[in-house]
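Colleague: need a structure here:
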Amino acid sequence: MTTTNASVRKAVIPAAGLGTRFLPATKAMPKEMLPVVDKPAIQYVVEEAVSVGLSDVLMITGRNKRALEDHFDRVPALEAMLEAKGDTTKLESIQAASNLGDIHYVRQGDPKGLGHAVLRAKQHVGLEPFAVLLGDDLIDPRDDLLSTMIEVQAKTGGSVVALIEVEPSQISSYGCADIEEIEGESYVRVKHLVEKPEPHEAPSNLALIGRYVLHPAVFEVLEGTEPGRGGEIQLTDALQELAAGDADGHGVYGVVFRGRRYDTGDKLSYLKACLELACDSEDLGPRLRDWLPEFTASLSK
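Modeller: Alright, predicted model coming up:
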């Protein structure tokens, strides 16, 4: 039995995937280091965790992921060179990454899926609720999601998932939630979860995205979870057991997110994310917004 009244202090970021959808770019570079405008995708995720007070960050990595550690480490020679040149803007930008928080690393070892990656965090997390952030989903810092999920976890004592509404035809790309409303509350209770159902079998069009705030009971469940879809240990399967009340994890709840989310999980979505964030930036935005109509008009000539 796992019980806890602790607050959420730690974030876990699984980053062991091979990034095969972005080959050959990811042959020698982790997919998490692909730039989104002027920062690697992984930095946005760490910044999101730190912004809500989760400065204790554990990354679950794999082979060829050394660049992640290097990015968040200091480079004294480069800092000294920029300082000597008086380039304070670039100096502050590289120091920002190394000053974000207390970042730890552990290797996943065998690539057995997201559930297995989360299980690798057990020793670091202990008997506390914790957040899991996946790097494929970038959440706009102007929109609250993780802070809301942490509040719901504190109120319910359970696990909390982030949900978005998708077109029914797209639900087979996601974990899917069957939910019920809770009177007087903005969050919902999750009754059932299924991983990547066929559209005609899906209980709803509510899809899980890559943000979770989990009760530590999930570790005990994951230890007994058999490989599921794709031969991997699915986090969704473990959450389904918690939702069904088969483990002492105080249930599963959902926050339906309607803010700005940037999907970097495939090539087209990644390019859209780069464009959207660049258009919103102070330095590039005005020029890019002026250029885009001219460019798209030229395509029709």
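Colleague: going by C-alpha atoms from here, please, whenever you check contacts or count neighbours.
Modeller: Will do.
Colleague: just the strands in the stretch 201-301 of the chain please.
Modeller: Along the stretch 201-301 of the chain, counting by DSSP state E, counting those that start in this stretch, strands occupy 206-214, 252-256, 261-263.
Colleague: nearest to Ala41, out of these?
Modeller: In terms of CA to CA, the element of the strands of the stretch 201-301 of the chain nearest to Ala41 is strand 261-263, at 10.5 Å.
Colleague: the closest one pairs with which strands?
Modeller: Partner strands for strand 261-263, per DSSP bridges, with pairing direction: strand 137-139 (antiparallel).
Colleague: before we move on, the earlier item: now the strands of the stretch 201-301 of the chain in JSON lines, with mean neighbour count, mean pLDDT and distance to Val161?
Modeller: Converted to JSON lines, the strands of the stretch 201-301 of the chain look like this (neighbours: other CA atoms under 10 Å; pLDDT from 0 to 100; distance: least, CA to CA, whole Å):
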{"stretch": "strand 206-214", "mean neighbour count": "24", "mean pLDDT": "94", "distance to Val161": "5"}
{"stretch": "strand 252-256", "mean neighbour count": "25", "mean pLDDT": "95", "distance to Val161": "5"}
{"stretch": "strand 261-263", "mean neighbour count": "19", "mean pLDDT": "89", "distance to Val161": "15"}
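Colleague: can I get the ones you listed in TSV with distance to Gln123?
Modeller: Shown next, in TSV, are these (distance: least, CA to CA, whole Å):
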stretch	distance to Gln123
strand 206-214	15
strand 252-256	23
strand 261-263	30
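Colleague: relative to Tyr187, which of these is closest?
Modeller: Tyr187 lies closest to strand 252-256 among those, at 5.1 Å (CA to CA).
Colleague: which of the strands of the stretch 201-301 of the chain sits closest to Asp137?
Modeller: strand 261-263 (5.0 Å).
Colleague: what lies in contact with that closest one?
Modeller: Strand 261-263 is contacted from outside by 136-140, 269-270, 272-273, using CA atoms under 8 Å, 6 or more residues apart in numbering.
Colleague: swap in stretch 94-102?
Modeller: Residues outside stretch 94-102 that contact it (CA under 8 Å, 6+ apart) are 43, 46-47, 50, 55-57, 71-74, 79.
Colleague: can you say which of those are buried?
Modeller: 43, 46-47, 50, 55-57, 71-72, 74, 79 (16 or more other CA atoms under 10 Å).
Colleague: what's the closest of those residues to Arg260?
Modeller: Nearest to Arg260 among these, counting by CA to CA, is Glu47 at 16.0 Å.
Colleague: can you count the residues close to the nearest residue to that closest one once chain neighbours are set aside?
Modeller: Nearest non-adjacent residue to Glu47, counting by CA to CA, 6 or more residues apart in numbering: Leu100, 7.0 Å away. Other residues near Leu100 come to 18 when the count uses other CA atoms under 10 Å.
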